[in-house]
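Chemist: build me a model from this:
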Amino acid sequence: MTDPIADMLTRIRNASSARHSQVEIPTSKMKLEITRLIAEQGYIGKYEVKPGEHGDVIIIDLKYGKNRERVISGIKRVSKPGRRVYARQETLPKVLGGLGTAIISTSRGLITSAEARRLGLGGEVICFIW
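Modeler: Numbers count the residues shown, from 1 in each chain. Now for the predicted structure:
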């Protein structure tokens, strides 16, 4: 059984490396929330949900710099089905010393590690993006 979140992150990583303008991902509530957070942090352009051949898909517009340099230089799944990774409020991770973003699953839903630190929450570390 494959991990759908890892598949999503891999599709984004591969499309960004290949300099594609868009990437399609089968939708789920968790994937949609991760996409929303990544868009709020400015790593991707707009995204939309459209009906696909086998269910709804999220279509993500990838962002690039002036000379076509990638905005997303890395994206990594941290907590996996075989090994869940949790962090307390005091030990929330900082990605690249604060230059990246960690996405945390808390009792209030998915939020960034900076927001979790501000709210005083801990939770499961879903992924890092930088």
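Chemist: pLDDT score for residue 10?
Modeler: In the predicted model, residue 10 carries a pLDDT score of 95.
Chemist: what helix or strand is the most centrally placed residue in the chain on?
Modeler: Nearest to the mean C-alpha position of the chain, counting by Cα atoms, centre = their mean, stands residue 34 at 4.6 Å. Element membership of residue 34 [criterion: DSSP states H and E] is helix 29-40.
Chemist: and for residue 114?
Modeler: Counting by DSSP H and E, residue 114 is part of helix 113-119.
Chemist: could you point out which element follows that helix?
Modeler: By DSSP H and E, the next helix or strand past helix 113-119 is strand 123-129.
Chemist: what's the mean pLDDT across the helix or strand following the helix holding residue 34?
Modeler: Sequence-wise, the next helix or strand downstream of helix 29-40 (DSSP H and E) is strand 44-52. On average, the pLDDT along strand 44-52 is 93.
Chemist: thinking again about what came up before, distance of the residue nearest to the centre of the chain relative to residue 67?
Modeler: From residue 34 across to residue 67, the span is 28 Å (Cβ to Cβ, to the nearest Å). C-beta here means a position set from N, CA and C on the backbone, and glycine is covered the same way.
Chemist: quick one, the lengthiest helix in the chain and strand 44-52 angle?
Modeler: Counting residues, the longest helix found in the chain (DSSP state H) is helix 4-17. Counting by axes from the mean of the first three to the mean of the last three Cα atoms, to 10 degrees, helix 4-17 points 120 degrees away from the direction of strand 44-52.
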